[in-house]
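[1] test case, fold it:
(one chain, ligands or ions: 1)
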Amino acid sequence: MKPPSRRQLFAMTAVLALPAWVRGAAPRVIPVVAKKFVFVPDEIRVQGGEPVVLELSAPEVLMGFSAPELGLRADIVPGQPTRLAFTPRKAGQFAFSCDVFCGSGHEGMDGVIVVAAEP
Ligand SMILES: [Cu+2]
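    You can find the predicted model right below:
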């Protein structure tokens, strides 16, 4: 078999250098834990155009996840991880918070999704 040309080698390397999601791989799964009274992590960084799945879990009590500007909302039932899939299209900072009253401290239970501009 003929060895690959420089041009073919370059093309192969270029494809491997692309982020997995551009190559059509599965979405990136980001685990997010909702506990009294904080989301971990409370800052989620994603790339515009990157398909992601937030895997939400609540080890203690029923929680909510709400990011209205991104159209995302779910109850998080203990023992039942919930998946929210989305592909951010607009760069910026989008607040999220717990929208199920979970005790005193609930009001400060929030975070931000930071969407970087599409490459
Ligand atoms: Cu809450």
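
[2] what are the buried residues along the helix or strand containing residue 56?
    Residue 56 is located in strand 52-57, with elements delineated by DSSP states H and E. Residues of strand 52-57 classed as buried: 52, 54, 56-57 (neighbour count, 16 or more other CB atoms under 10 Å). Using the backbone N, CA and C atoms, a C-beta is placed for each residue, glycine as well.

[3] got a markdown table for the residues you listed, with pLDDT and distance to the ion too?
    Below are the buried residues of strand 52-57 laid out as a markdown table (pLDDT from 0 to 100; distance: CB to the ion, whole Å):
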| residue | pLDDT | distance to the ion |
| --- | --- | --- |
| 52 | 97 | 23 |
| 54 | 98 | 16 |
| 56 | 98 | 13 |
| 57 | 98 | 14 |
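
[4] now tabulate the residues you listed in JSON lines and tack on distance to residue 78.
    Converted to JSON lines, the buried residues of strand 52-57 look like this (distance: CB to CB, whole Å):
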{"residue": "52", "distance to residue 78": "23"}
{"residue": "54", "distance to residue 78": "17"}
{"residue": "56", "distance to residue 78": "11"}
{"residue": "57", "distance to residue 78": "8"}
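
[5] widest-spaced pair of these?
    Greatest spatial distance among the buried residues of strand 52-57 (CB to CB): 52 and 57, at 16.0 Å.

[6] sorry, back to before: just the residues contacting the strand holding residue 56, thanks.
    For strand 52-57, contacts defined as CB atoms under 8 Å, 6 or more residues apart in numbering pick out 27-34, 44, 46, 63, 65, 72, 74, 76, 81-88.

[7] what's the ChimeraX line that selects buried ones from the residues you listed?
    The buried residues among those can be selected in ChimeraX (16+ other CB under 10 Å) with this line:
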select :30,32,33,34,44,46,63,65,72,74,76,82,84,86,88
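
[8] now, which of the contacts of strand 52-57 lie within strands?
    Counting by DSSP state E, the part of the contacts of strand 52-57 found in strands is 28-34, 44, 46, 63, 65, 72, 74, 76, 82-86.

[9] what is the burial count for residue 105?
    By other CB atoms under 10 Å, 11 other residues sit near residue 105.
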